[in-house]
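Asks: please work out how this folds:
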Amino acid sequence: MNRNLFTGLMLSLLLALPLAAAAFAQGTPQGTPANEPAPAGSAQQGAGAESAQEPATPPAAPATPSAREPAGGPGGPGAAGASAPSSVLAATDKSFIHDAALGSLEAEELGRLAAERASSPEVKSFGQKLADDHKQANDALKQIASSLQYEPPSRPSSHAKSERARLEKLSGADFDREFLDLVVKQHQKDISVFERESRRAAAPAGLKSFAGSTLKGLQDHVKMAQDLSSKVGAASPGRPSNSQ
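Replies: This next block holds a predicted model:
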């Protein structure tokens with residue numbers, strides 16, 4: 001080979017090597033320093049990868065009312081509506097309330113009639129007292145019966161109506177005598193009923209107290225009627241026995 005040609009080729013190679021090295025250095029990406037923080041995108045990707053591995057926790061279900069709790073919760077309308085009577089009224093007590101109410105209604109009606117029709121001023125006055133006392137007693141009985149959830153009669157019996165009709169046909173001393181005699185007979189029956197209820201151990205406290213307190217008034221009415229009967233010339237009816 002020609003020495004000059006060889007020398008030219010070698011010079012060309014020597015000149016080309018620095019240029020190639022510079023071009024290579026410019027094309028290679030520089031490395032990221034170890035202490036430089038990672039880009040935000042890479043951190044979010046890592047967090048996403050970790051959350052993808054953990055199972056998602058389901059949201060807590062809303063609390064539901066217990067099946068045993070009444071509608072409206074404790075103290076609400078459901079609880080109030082579910083309340084029931086604490087006790088059941090015995091048949092004996094119902095019978096007493098029924099009979100006592102009818103007796104008071106009859107005595108009140110007869111007393112008003114005597115206050116209008118009696119010939120003796122004393123009998124008139126007694127008739128008014130009889131009506132007032134029995135109205136007061138019947139009002140008290142209604143309150144007690146209501147607390148026991150029992151409704152007593154509100155009108156006199158058919159027997160009371162027939163007795164009133166019989167008295168309305170009389171006048172003067174005859175009316176006074178028949179009225180007083182009827183009061184004694186009626187009250188004697190009532191006294192036995194009230195005595196029995198006032199002594200009954202199983203009777204409700206309010207009803208038992210009412211029977212005991214009203215019993216004294218019934219006995220007083222009998223004594224007053226007997227005293228008046230002797231004044232108007234009627235035979236004095238027998239007094240009730242306290243042993244009944």
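
Asks: after the lowest-mean-pLDDT helix or strand in the chain, next one along is what?
Replies: The weakest-scoring helix or strand in the chain, judged by mean pLDDT, DSSP states H and E, is helix 77-81 (a mean of 34). For helix 77-81, the following helix or strand on the C-terminal side (DSSP states H and E) is helix 91-117.

Asks: which parts of the helix or strand following that next one are buried?
Replies: Later in the chain than helix 91-117, the nearest helix or strand by DSSP H and E is helix 121-147. Of the residues in helix 121-147, 123-124, 126-131, 133-135, 137-138, 141-142, 144-145 count as buried by neighbour count, 16 or more other Cβ atoms under 10 Å. C-beta: built from backbone N, CA, C; applies to glycine.

Asks: show me what contacts Pro121?
Replies: For Pro121, the contact set (Cβ atoms under 8 Å, 6 or more residues apart in numbering) is empty.

Asks: that one and Val183: what is the separation?
Replies: Separation of Pro121 from Val183 (Cβ to Cβ, to the nearest Å): 17 Å.

Asks: what does Glu106 give?
Replies: Counting by Cβ to Cβ, the gap from Glu106 to Val183 is 10 Å.

Asks: so these two - more neighbours on which side?
Replies: Set side by side, Glu106 and Val183 show more neighbours around Val183, with 27 against 22, by other Cβ atoms under 10 Å.

Asks: and that one, backbone torsions?
Replies: The phi and psi values for Val183, taken as degrees, to the nearest 10, are phi -60, psi -40.

Asks: where's the residue nearest to it when sequence neighbours are not counted, which helix or strand?
Replies: When the adjacent residues along the chain are set aside, Val183 lies closest to Ala225, with 4.5 Å between them (Cβ to Cβ, 6 or more residues apart in numbering). Assigned by DSSP H and E, Ala225 falls within helix 205-231.

Asks: what angle sits between that helix and helix 121-147?
Replies: 170 degrees (axes from the mean of the first three to the mean of the last three Cα atoms, to 10 degrees).

Asks: report the buried residues of helix 205-231.
Replies: Within helix 205-231, the residues scored as buried using 16+ other Cβ under 10 Å are 207-208, 210-211, 214-215, 217-219, 221-222, 224-226, 228-229.

Asks: go on, stretch 108-125?
Replies: Going by 16+ other Cβ under 10 Å, stretch 108-125 has these buried residues: 108-115, 117-118, 120, 123-124.

Asks: please save the CA atoms from that stretch in PDB.
Replies: C-alpha atoms of stretch 108-125 as PDB (Å, rounded to 0.1, in the frame of the first residue of the first chain):
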ATOM      1  CA  GLU A 108    -131.700  10.600  94.400                       C
ATOM      2  CA  GLU A 109    -134.800  10.500  92.200                       C
ATOM      3  CA  LEU A 110    -137.100   9.700  95.100                       C
ATOM      4  CA  GLY A 111    -135.500  12.400  97.300                       C
ATOM      5  CA  ARG A 112    -136.200  15.100  94.600                       C
ATOM      6  CA  LEU A 113    -139.800  13.900  94.300                       C
ATOM      7  CA  ALA A 114    -140.200  14.200  98.100                       C
ATOM      8  CA  ALA A 115    -138.700  17.700  98.100                       C
ATOM      9  CA  GLU A 116    -141.500  18.700  95.700                       C
ATOM     10  CA  ARG A 117    -144.500  16.600  96.800                       C
ATOM     11  CA  ALA A 118    -144.100  16.000 100.600                       C
ATOM     12  CA  SER A 119    -146.700  17.700 102.900                       C
ATOM     13  CA  SER A 120    -144.400  17.800 105.900                       C
ATOM     14  CA  PRO A 121    -141.600  20.500 105.800                       C
ATOM     15  CA  GLU A 122    -139.300  18.000 107.600                       C
ATOM     16  CA  VAL A 123    -140.000  15.300 105.000                       C
ATOM     17  CA  LYS A 124    -139.300  17.800 102.300                       C
ATOM     18  CA  SER A 125    -136.000  18.800 103.900                       C
END
